[in-house]
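> with the input below, show me the fold.
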Amino acid sequence: MTSGSLSGAVDDESLLVVAARAGDETAFAALWATAQRPAFGVCYHLTENRADALDALQDTQLAAWKGLAAFEGKAPFRAWVLAIARNAALAVIRRRSPAGGIFDEMTEDSVVTDPFEDTVAELTDLRRAMSTLPGSHREALLLWAGGLTYEQVAASIGVPLNTVKVWIHRARKKLQTELAEPGLA
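Okay, here's the model as predicted:
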């Protein structure tokens, strides 16, 4: 990507923000399209539950729409949305009942079939490995993996930059160890 096209993308985003602030839902939809998937990832990995993640994502979208006037444009729209997603996911966790878990979403129709077994096994391994991380490390890693810079992650969760760098480094090392095949670690 050339610096000219990067500048064009920033200009396009700025124009979409202006239009969305004026009530243009199509402009907001275009902005949201760039942030929805990574925001869901943050919500899902923090809540560890698809239903709660979808609730948090809906809260995120609504908060972004309602709070668009507060978006200062110092960071990309997606980075701003990821910070909102983090807060929404944490709010869902706080109000969640203590009951529930991984089997809440299972039905007879969710039985894994052969073509998907490897994918499901890999996702299960990743989920298990992510659960071994301290919450602060997992949170920082998810925001960083979602596209935020170290500086943006630090600002989002309110800790010093070097702390974020250490947490992300340790989280990545821990995941490598947890996901290594037996005999390779």
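> low-confidence stretches in this structure?
For the chain, the stretches with pLDDT under 70 are 1-11, 97-123, 181-185.
> roughly how far apart are the most centrally placed residue in it and residue 25?
Among the residues of the chain, the one closest to the centroid is residue 42, at 2.1 Å (CA atoms, centre = their mean). As for residue 42, its distance to residue 25 is 24 Å (criterion: CB to CB, to the nearest Å). C-beta here means a position set from N, CA and C on the backbone, and glycine is covered the same way.
> re earlier: secondary structure element for the residue nearest to the centre of the chain?
helix 25-47 (DSSP states H and E).
> excluding covalently adjacent residues, which one is nearest to residue 86?
Nearest residue to residue 86 in three dimensions, chain neighbours excluded: residue 42, at 5.8 Å (CB to CB, 6 or more residues apart in numbering).
> so that neighbour touches residue 143, yeah?
Yes. Here residue 42 reaches residue 143: they are 6.5 Å apart, a contact under CB atoms under 8 Å.
> what touches both of these two?
82, 86 (CB atoms under 8 Å, 6 or more residues apart in numbering).
> in which helix or strand would I find the residue lying closest to residue 45 once chain neighbours are set aside?
Among residues not flanking residue 45 along the chain, residue 142 sits closest, at 5.0 Å (CB to CB, 6+ apart). Assigned by DSSP H and E, residue 142 belongs to helix 135-145.
> name the helices or strands packed onto that helix?
Contact here means 3 or more CB pairs under 8 Å, 6 or more residues apart in numbering; DSSP states H and E; on that basis helix 135-145 packs against helix 25-47, helix 77-95, helix 150-157, helix 161-179.
> make CSV from those helices and add distance to residue 13 to it.
Conversion of those to CSV gives the following (distance: least, CB to CB, whole Å):
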stretch, distance to residue 13
helix 25-47, 7
helix 77-95, 6
helix 150-157, 15
helix 161-179, 25
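> which among those is found nearest to residue 128?
Of all the helices and strands packed on helix 135-145, helix 161-179 sits nearest to residue 128, with 7.4 Å by CB to CB.
> residues in contact with the closest residue to residue 179 other than its chain neighbours?
Leaving aside its chain neighbours, residue 179 sits nearest to residue 129 (5.3 Å; criterion: CB to CB, 6+ apart). The contact partners of residue 129, by CB under 8 Å, 6+ apart, come to 174, 175, 178, 179.
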